[in-house]
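Participant: For reference, the sequence and a predicted model appear below.
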Amino acid sequence: MQACILAEGPVEQAIRTSSATKEFPASRAPGLIRPSRTLAPLERLDIYRGMYELRLTEALRTDYPGLAHFLGEEQFAELARLYITAHPSRSYTLNRLGDGLPGFLDDLEGLPRPRLLQDLARLELASTFVFDEEESPTAGPGAISRFSYQQWDDLRFTPIRALRLVELSYPAHRYLEALRSEDALPRLRPARTRLVVYRRDFHVFYLPLSRPAYALLQSLCEGLTLGEAVQAMFDAGGTGEGLVYEWFRNWFTERLFQRVYV
Amino acid sequence: MANNWGIPDLGFGIGLRTVHFPHILAKSPPVDWFEILSENFLDTGGRPAYVLDQVAERYPVVMHGVSLSVGSTDPIDFDYLRKLKALACRTRARWISDHLCWTGVSGVNTHDLLPMPYTDESLRHAAERVRVIMDYLERPVFLENPSTYLEFSESTWSEWDFLAELTERSGCGLLLDVNNVYVSAFNHGYDAFEYVDRIPEDRVVQIHLAGHTHKGTHILDTHSDHVVDAVWALYRRASQRLGNISTLLEWDEDIPSFDIVHAEALKARGFRAAPQNEVTRATRIHAA
């Protein structure tokens, strides 16, 4: 029964797929199900097939509203169908059904504006992780000031759990923000975009970062000390200290860290 | 009629749904209790978890799941059970329910409540799994009769007899969904009242009500509308047999305002057979 539900095409074709015939020969399929007053056996089976595709497509649409809007109803449904066929759910939760979608898009040919679609998908996937992460305690700017200046090089910063860093080829966050606020959707052009995706007060935000700021924050998130992270930032074409202070002030205001320690 | 576990009537509850979060947090509406869809809260630590904690502080919570898959031949998912148990502890859940169904095999989850063949073999299989699940959870589990759209030719048991026997063999209880009884009765051509009359009355701790979608040739259990008169009639019959039992209204598609959903749940009062002498949260607050 499951093989028929998962198979593509009309139900008469589904019962003849190799996976279905491993369960029972196609000729026996109708006999396994009682007819009702109004429906033949295979029509009854087909009800489950229809609901399966609808349910899983809806779950993907929930996690990828930007991608769904960009592609339109029909194209997104077709993408979902292809994806679900290749990646049926293997978990009790639908929350992580779409985790493989960005990678799936990477391998799919014939898409309109593939790089932008991939960026939208990657950003929306990061957003789902950020949405679902456990809440963390947050550290204010005072978390640094309790250390002496001599200790700063050795400081380490633990980011909040609901934080992801994403590097994109398009400013895809502008599309998602416009969609969320029901503004006119921007026509996006390629532009290297580095974002920190984070949650504050149970809302998911996107904060664009310059290349050195991204390098600095990424290093800190990887567990490097402040001294090592600043060096990594300079290696990435970094900037002066004034901006670093400004970044940290902003990051603490946005509550991106849960702990500062030596 | 008291149930086997001495579980009290909680009154009239509704499903906790995301669209109603702001209303519930802001207004603390006088709802007797909330039922949560367990899977929606197992792997999220953000706003849903925060809201659930708030709700669990203020209201009795019951957990209703869709993934026990008691009819499956796959190994029992103990990771899922571990999380379920932790959530029950966190919310101080009054009880945990799921469905008589299977959701997938070979590691795949269809996220549907697929029908089981009602045979001696499947009965033995399901009873054994339910016992293992209850042992692990260290509490009884209550299984709901599903809405089904097909029946297997090899079935030798009626669904109501199968459920009754399953409760005997496994020690589980029942969640009687009278809308599902109606839906399946229409789809399979049996008598819905006979179903309600044959359910073991000491095993039922909860009743579900919901709307459905009539497709002409069959009925889909969509939880997308008001409860129809025929289902209210079944509820009245169930209430006559079983007494006052915690009653929950499900509304999951095209969800209207909180007040409309709550009002639909409270309609059930008028269909209960026994005197309304129970003091529920709603009556307490209204009286105040």
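Facilitator: Cool, got the structure.

Participant: Which residues of the stretch 101-250 of chain A lie near chain B?
Facilitator: A:Phe131, A:Asp132, A:Glu133, A:Glu134, A:Glu135, A:Arg161, A:Ala162, A:Arg199, A:Phe202 (CB under 8 Å from any CB of the partner chain). No exception for glycine: its C-beta is placed from N, CA and C like everyone else's.

Participant: ok, how many other residues are close to the closest residue to the fifth one other than its chain neighbours?
Facilitator: Closest residue in space to A:Glu135, ignoring its immediate chain neighbours: B:Gly45 at 5.6 Å, by CB to CB, 6 or more residues apart in numbering or on different chains. For B:Gly45, the number of neighbouring residues by other CB atoms under 10 Å in any protein chain shown comes to 17.

Participant: B:Gly45 in helix, strand or coil?
Facilitator: Assigned state for B:Gly45: coil (three-state reduction, DSSP: H, G, I helix; E, B strand; the rest coil).

Participant: tell me the contacts of it?
Facilitator: A:Asp132, A:Glu133, A:Glu134, A:Glu135, A:Arg161, A:Ala162 (CB atoms under 8 Å, 6 or more residues apart in numbering or on different chains).

Participant: can you confirm the fifth one is in a strand?
Facilitator: Translated: A:Arg161. No: read with three-state DSSP, A:Arg161 is coil and lies in no strand.

Participant: can you pull the contacts of it?
Facilitator: Counted by CB under 8 Å, 6+ apart, A:Arg161 has contacts A:Glu133, A:Glu134, A:Glu135, A:Ser136, A:Gln258, B:Gly45.

Participant: show me what contacts the residue lying closest to it once chain neighbours are set aside?
Facilitator: Closest residue to A:Arg161 apart from its sequence neighbours, by CB to CB, 6+ apart: A:Glu133 at 4.3 Å. By CB under 8 Å, 6+ apart, the residues touching A:Glu133 are A:Ile160, A:Arg161, A:Ala162, A:Leu163, A:Arg199, B:Gly45, B:Gly46.

Participant: Grab the nearest non-local neighbour of A:Leu155.
Facilitator: A:Leu226 (4.4 Å).

Participant: Tabulate the contacts of B:Gly45 (TSV), appending pLDDT.
Facilitator: Putting the contacts of B:Gly45 into TSV (pLDDT from 0 to 100) gives the following:
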residue	pLDDT
A:Asp132	96
A:Glu133	97
A:Glu134	95
A:Glu135	94
A:Arg161	98
A:Ala162	98
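
Participant: I'd like to know which of those is nearest to chain B.
Facilitator: Using CB to the nearest CB, A:Glu134 comes nearest to chain B of those, at 3.3 Å.

Participant: any idea how far B:His99 is from B:Leu123?
Facilitator: B:His99 is 16 Å from B:Leu123, where distance means CB to CB, to the nearest Å.

Participant: related to what we said a few turns ago, okay, and which of the contacts of A:Arg161 map to strands?
Facilitator: A:Gln258 (DSSP state E).

Participant: Pick out the most distant pair among the contacts of A:Arg161.
Facilitator: Within the contacts of A:Arg161, two members stand farthest from each other by CB to CB: A:Gln258 and B:Gly45, at 13.2 Å.

Participant: which stretches of the stretch 101-250 of chain B form strands?
Facilitator: With DSSP state E, counting those that start in this stretch, the ranges of strands along the stretch 101-250 of chain B come out as B:141-144, B:173-177, B:204-210, B:213-214, B:219-220, B:246-250.

Participant: Outside of the longest one itself, list whatever touches it.
Facilitator: Where contact means CB under 8 Å, 6+ apart, the residues beyond strand B:204-210 that reach it are B:3, B:5, B:7, B:62, B:95, B:97, B:142, B:144, B:173-180, B:221, B:223, B:227, B:231, B:235, B:238-239, B:242, B:245-251, B:265, B:268.

Participant: Run the chain-centre distance for it.
Facilitator: Mean C-alpha position of strand B:204-210 versus that of the full chain (CA atoms, centre = their mean, to the nearest Å) differs by 6 Å.

Participant: In the residues of the stretch 101-250 of chain A next to chain B, find the pair that's most separated.
Facilitator: A:Arg161 and A:Phe202 (13.4 Å).

Participant: Distance check, the residue in chain B positioned nearest to chain A against A:Ser91.
Facilitator: Closest contact between chain B and chain A, by CB to the nearest CB, is at B:Gly45 (3.3 Å). From B:Gly45 over to A:Ser91 the distance is 17 Å, taken as CB to CB.

Participant: Check A:Trp251 too.
Facilitator: Distance from A:Trp251 to A:Ser91, by CB to CB: 34 Å.

Participant: pLDDT weak spots in the chain?
Facilitator: As the question left the chain open, I've gone with chain A. A:240-241 (pLDDT under 70).

Participant: that's the wrong chain, I wanted chain B
Facilitator: For chain B, the ranges with pLDDT under 70 are B:1, B:273-288.

Participant: Which residues of it lie near chain A?
Facilitator: Counting by CB under 8 Å from any CB, chain B sits next to chain A at B:39, B:42-47, B:49-50, B:67, B:77, B:80, B:103-112, B:114, B:149-154, B:187-189, B:216-218, B:220.

Participant: please redo it, this time with the cut-off set to 7 Å
Facilitator: B:39, B:42-47, B:50, B:67, B:77, B:80, B:104-105, B:107-112, B:114, B:149-153, B:187-189, B:217-218 (CB under 7 Å from any CB of the partner chain).

Participant: Using ChimeraX, define a selection of the buried residues within the residues you listed.
Facilitator: One line in ChimeraX is enough to select the buried ones among the residues of chain B next to chain A; burial here means 16 or more other CB atoms under 10 Å in any protein chain shown:
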select /B:39,42,43,44,45,46,47,67,77,80,104,105,108,109,110,111,112,114,149,150,151,152,187,188,218
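
Participant: In chain B, where's the longest helix?
Facilitator: Looking across chain B with DSSP state H, the single longest helix is helix B:120-137.

Participant: List the buried residues for that helix?
Facilitator: Within helix B:120-137, judged by 16+ other CB under 10 Å, the buried ones are B:Ser122, B:Leu123, B:His125, B:Ala126, B:Ala127, B:Arg129, B:Val130, B:Ile133, B:Met134, B:Leu137.

Participant: In TSV, list these along with distance to B:Val261.
Facilitator: Output for those, formatted as TSV (distance: CB to CB, whole Å):
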residue	distance to B:Val261
B:Ser122	36
B:Leu123	36
B:His125	37
B:Ala126	33
B:Ala127	36
B:Arg129	34
B:Val130	31
B:Ile133	31
B:Met134	31
B:Leu137	29
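
Participant: check which helix or strand covers the closest residue to B:Ala49 other than its chain neighbours.
Facilitator: Using CB to CB, 6+ apart and skipping the chain neighbours, the partner closest in space to B:Ala49 is B:Phe41 (6.5 Å). Assigned by DSSP states H and E, B:Phe41 belongs to helix B:39-42.

Participant: Return the list of helices and strands in contact with that helix.
Facilitator: When contacts are defined as 3 or more CB pairs under 7 Å, 6 or more residues apart in numbering or on different chains; DSSP states H and E, helix B:39-42 packs onto helix B:47-58, helix B:78-91.

Participant: Could you export those as a markdown table, including distance to A:Ala86?
Facilitator: Output for those, formatted as a markdown table (distance: least, CB to CB, whole Å):
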| stretch | distance to A:Ala86 |
| --- | --- |
| helix B:47-58 | 29 |
| helix B:78-91 | 24 |
